[in-house]
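*Asks:* the amino acid sequence is not available; the structure is as follows:
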Ligand SMILES: [Zn+2]
């Protein structure tokens, strides 16, 4: 966790993010900045579908795509739409600790049994489903995945500023991630 940077004051926000929608997100959520009204979204947030996370942000401030592990690889059209039509220039990729998309293989049996018992699937179909999709949704490590998603999106959308972050479930705080 040594790559994580706590944001407890405006000075902790990396200079390249200060006074941008990314810095504003950190000020609203971590620093209690007064919520200002927005008429138009300024930021696209990619975050996990996990239920333990809630952001303190103004109404209309951000588009939010929630997908397991903050993995936007399969949400590209929505990202493109937010940029081209929604006119956002900044993206925050927010991973979180204890993410269910880390080490999926450990939950293989639970996943298969759950689909059989709770959804009425056959074992064969449930197993095939897991084996097909688990490699696509596995993120490996929350921090390194957020960094790799940010790098991937910067290459894909060169004029857009992308910041990787980590949300700590226990403290509900956002952390910046130092990239080497
Ligand atoms: Zn998660």
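*Replies:* That came through fine. On a predicted model such as this, the values are computed, not experimentally measured, just so you know.
*Asks:* residues from this protein in reach of the ion?
*Replies:* The chain comes close to the ion at residues 48, 50, 99, as judged by Cβ under 5 Å from the ion. C-betas here are computed from N, CA, C, even on glycine.
*Asks:* of those residues, closest to residue 80?
*Replies:* Minimum separation from residue 80 among those (Cβ to Cβ) is found for residue 48, which lies at 20.9 Å.
*Asks:* pLDDT score for the closest one?
*Replies:* On the pLDDT scale, residue 48 is placed at 96.
*Asks:* what residues are up against the spatially most central residue of the chain?
*Replies:* For the chain, residue 47 is the residue whose C-alpha lies nearest the centre (Cα atoms, centre = their mean; 2.6 Å). If you count contacts by Cβ atoms under 8 Å, 6 or more residues apart in numbering, residue 47 has them with 53, 55, 64-66, 70, 93-94, 96, 167.
*Asks:* what about those residues, which one has the most neighbours?
*Replies:* Of all those, the most densely surrounded is residue 70 (30 neighbours; neighbours counted as other Cβ atoms under 10 Å).
*Asks:* could you report the separation of it from residue 45?
*Replies:* Using Cβ to Cβ, to the nearest Å, one gets 9 Å for the distance from residue 70 to residue 45.
*Asks:* shared neighbours, those two?
*Replies:* Common neighbours of residue 70 and residue 45 (Cβ under 8 Å, 6+ apart) are residue 94.
*Asks:* excluding chain neighbours, what is closest to residue 141?
*Replies:* Once flanking residues are discounted, residue 141 sits nearest to residue 102: 6.6 Å by Cβ to Cβ, 6 or more residues apart in numbering.
*Asks:* hmm, I was thinking of residue 28
*Replies:* Nearest in space to residue 28, with sequence neighbours left out and distances taken as Cβ to Cβ, 6+ apart, is residue 57 at 5.1 Å.
*Asks:* confidence score at the one you found?
*Replies:* On the pLDDT scale, residue 57 gets 98.
*Asks:* pretty sure it sits against residue 26.
*Replies:* No. At 10.5 Å, residue 57 and residue 26 do not qualify as touching, with contact defined as Cβ atoms under 8 Å.
*Asks:* more neighbours, those two?
*Replies:* When residue 57 and residue 26 are compared for neighbours, residue 26 comes out ahead with 25 against 18, by other Cβ under 10 Å.
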